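S.K.: Pasting the sequence and the predicted model now:
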Amino acid sequence: MERYYQESIETASYEQIKKWQSERLVKTINHVYENNKYYRNLMDEKGITPDDIKGVEDLHKLPFLTKDDLRKAYPYGLMSKPLSECVRIQSTSGTTGKRVVAFYTQHDIDLWEECCARAIVAAGGTKDDVCQVCYGYGLFTGGPGLNGGSHKVGCLTLPMSSGNTDRQLQFMTDLEATILCCTPSYAAYLAESIHEAGIRDQIKLKAGIFGAEAWTEEMRHDIEEKLGIKAYDIYGLTEICGPGVAFECSAQAGMHINEDHFIAEIINPETGEVLPEGEKGELVFTCITKEAFPVIRYRTKDICVLTREKCSCGRTLIKMAKPMGRSDDMMIIRGVNVFPSQIEEVLLKVSGGDLTPNYQIIVDRVNNTDTLDINVEMSNNIFSDDIKTIQAIEKKIVEKLRSVLGIGAKVHLVNPKTIERSEGKAKRVIDNRKLV
Amino acid sequence: MYIKQLSVFIENKAGRLAEALKVLSDNGIDISALSIADTSEFGILRMIVSDPALAKEKLFESGVIVKTTEVMGIVLEDKPGSLANVVALLADNGIVVEYAYAFLGCDKEKALVVISVDNQEGAVEILKNSGVTTINPSDIYRV
């Protein structure tokens, strides 16, 4: 029996959803035009007034917003409510440039936490659960978002934050945590640590809600098997609100977008043209219920597909496929687009799960040619006294990579535990190319 | 008859061999014989040690990848042609030698050879019938 946090919304008719979206979009556009100079200038430049926007069908008339725009508007440029009404900021990690700061009113925090609550209930969460949140707390949205969602559902919430694995395992076993929220790479690391500590039989987890980085189906199976749980994907970005923009249900096939709060579009990343449902392109979001920081047509750089098909869970909210990766994560190697997730998929597939999901991609440029090196940790299951057996696995990985990526790569088997473990987002790629 | 050999994965990186060997020395394990096979990407350290079970346990605990394999050990006269004869004998019977390494034991007249073949049972049978002496495991662990 599927359970919902807000059944009337999550299973609303398509017409109802469209109606909400149109009303709320009009209201939001009026709000930002009136209350934010940046948006007003942007719309004035395009010769658009709030009167031109009568419903979702007019959304395409509005200009896009990019991460660069947000950086330019730093710090207060896009705040659309007076400071006296804003109660919180969250911020991106700022690893790719200047930080982006997002503002929240209490209303904004409530709706965000509601979105996370939907995700937790969709993963089977109830007020009888013990929810261990090991996303980072603080500026990062992961911890605060799931923490708030967990409160709303009524779970006993363990606000662990990231890191300190020994303490994580102690609380997980002593308090009998049933739901785990963290990045998939940290979930894999916890699974490994549990296996090593030989405490698998003391683990009471039944579900995991993993997001904030790209992961593959193979990694999902690996984590599910090692922890004996169902692993659910959750999607979000600070610019929109944080985790909970979209979430997976019992079908585990794509994530439902909370489209009563966020309108999703898929565009051609080159031309900006809106693409029909089912076509692959860049995901664009418009916030239609937020007050302090409602981004309009924000380009996520995530490449994926939207589908509005009947879902076995009963939810009618449109679904997005797991993004292939953020175009920020995408590397261009010898002119070919490469996503770390493609490499991960090959490693796990070729080894039949015998390789750990710990790998590192090193890109460099030697004599004007890009090189791609992949460090993979050797595992006891793969190691053999017979050199030919090991070389055959290496060769298989290289061949499969060539067929999937279209370029050659060198694979290096390294000692176990020598690739740095991440407690937050995994750092998979080291790009040593110095392009001047 | 068969000797327990440890095979250890050694990443191609300075210090990896030293790390593995230190685990053995820290636990008072003596190495009777060893060889290192290297490829362009990694190496395999093969060893006969005084206490294979303890060595495996300690190496595993320290995060080293290690497997126990069974190999044959034979005793030869330390003179020209001894090994050639044995290898020719195996080859004549269609047995392929995967790798081998030799070392001197306590008896200065004898050479000891660890040998891994594709058909171990067949090889043992042939050697036995030809009067080649195989090494007693308990002897070699203490060399």
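M.R.: Everything's here; your move.
S.K.: can you give me the strands in chain B?
M.R.: Secondary structure of chain B (DSSP state E): strands at B:2-11, B:31-38, B:42-49, B:66-77, B:97-104, B:110-117, B:133-134.
S.K.: residues touching the most centrally placed residue in chain B, list them.
M.R.: Among the residues of chain B, the one closest to the centroid is residue B:114, at 4.5 Å (Cα atoms, centre = their mean). Neighbour list for residue B:114: B:3, B:5, B:33, B:35, B:46, B:48, B:71-73, B:100-103 [criterion: Cβ atoms under 8 Å, 6 or more residues apart in numbering or on different chains]. Where C-beta positions appear, they are placed from N, C-alpha and C, glycine not excepted.
S.K.: ok, it to chain A distance?
M.R.: Distance, residue B:114 to chain A, using Cβ to the nearest Cβ, to the nearest Å: 12 Å.
S.K.: In TSV, list the strands of chain B along with distance to residue A:350 and mean pLDDT.
M.R.: Below are the strands of chain B laid out as TSV (distance: least, Cβ to Cβ, whole Å; pLDDT from 0 to 100):
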stretch	distance to residue A:350	mean pLDDT
strand B:2-11	18	92
strand B:31-38	23	91
strand B:42-49	17	93
strand B:66-77	20	91
strand B:97-104	25	89
strand B:110-117	27	90
strand B:133-134	39	84
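S.K.: Can you lay out these as a markdown table showing distance to residue A:287?
M.R.: Formatted as a markdown table, these follow (distance: least, Cβ to Cβ, whole Å):
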| stretch | distance to residue A:287 |
| --- | --- |
| strand B:2-11 | 49 |
| strand B:31-38 | 58 |
| strand B:42-49 | 51 |
| strand B:66-77 | 55 |
| strand B:97-104 | 65 |
| strand B:110-117 | 66 |
| strand B:133-134 | 78 |
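S.K.: And the ones you listed: which comes nearest residue A:381?
M.R.: strand B:66-77 (10.4 Å; Cβ to Cβ).
S.K.: Pairing partners for the closest one, with directions?
M.R.: Paired neighbours of strand B:66-77 in the sheet (DSSP bridges): strand B:2-11 (antiparallel), strand B:110-117 (antiparallel), strand B:133-134 (antiparallel).
S.K.: How far does that strand sit from its chain's centre?
M.R.: Between the centre of strand B:66-77 and the centre of its host chain there is 4 Å, according to Cα atoms, centre = their mean, to the nearest Å.
S.K.: Where do the domain boundaries of chain A fall?
M.R.: Here the domain parsing of chain A from automatic domain parsing is A:1-326, A:331-431.
S.K.: of these, which approaches chain B most closely?
M.R.: domain A:331-431 (4.0 Å; Cβ to the nearest Cβ).
S.K.: before we move on, the earlier item: could you identify which of the domains of chain A is most buried?
M.R.: domain A:1-326 (a mean of 19; mean count of other Cβ atoms under 10 Å in any protein chain shown).
S.K.: for residue A:10, what are its contacts?
M.R.: A:4, A:118, A:256, A:314, A:315, A:316, A:317.
S.K.: what do you get for residue A:87?
M.R.: So residue A:87 contacts A:104, A:105, A:106, A:109 (Cβ under 8 Å, 6+ apart).
S.K.: One more pass at 10 Å, please.
M.R.: By Cβ atoms under 10 Å, 6 or more residues apart in numbering or on different chains, the contact list for residue A:87 reads A:103, A:104, A:105, A:106, A:107, A:108, A:109, A:292.
S.K.: In helices only, show me those residues.
M.R.: Using DSSP state H, the subset of those located in helices is A:106, A:107, A:108, A:109.
S.K.: Now the element after the strand or helix carrying residue A:40, going C-ward?
M.R.: Following DSSP states H and E, the helix or strand that holds residue A:40 is helix A:37-46. Where DSSP H and E defines the elements, the next helix or strand beyond helix A:37-46 is helix A:67-72.
S.K.: quick revisit: what would the strands paired with strand B:66-77 look like in a markdown table with distance to residue A:427?
M.R.: Formatted as a markdown table, these follow (distance: least, Cβ to Cβ, whole Å):
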| stretch | distance to residue A:427 |
| --- | --- |
| strand B:2-11 | 20 |
| strand B:110-117 | 41 |
| strand B:133-134 | 52 |
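S.K.: on that earlier part again, mind telling me which of the domains of chain A the model trusts least?
M.R.: Mean pLDDT is lowest for domain A:331-431 among the domains of chain A, at a mean of 84.
S.K.: what about that domain, near chain B?
M.R.: Yes. Applying Cβ under 10 Å from any Cβ of the partner chain, one finds domain A:331-431 touching chain B at A:375, A:377-388, A:390-391, A:394, A:410-418.
S.K.: Now go through those and say which are in strands.
M.R.: Using DSSP E, those in strands are A:375, A:377, A:410, A:411, A:412, A:413, A:414.
S.K.: And the furthest pair within the residues you listed?
M.R.: Greatest spacing in those, by Cβ to Cβ: A:377 and A:410 (15.7 Å).
S.K.: what's across from the closest residue to residue B:59 other than its chain neighbours in the sheet?
M.R.: Using Cβ to Cβ, 6 or more residues apart in numbering or on different chains and skipping the chain neighbours, the partner closest in space to residue B:59 is residue B:66 (4.4 Å). Counting by DSSP bridges, residue B:66 is bridged to residue B:8.
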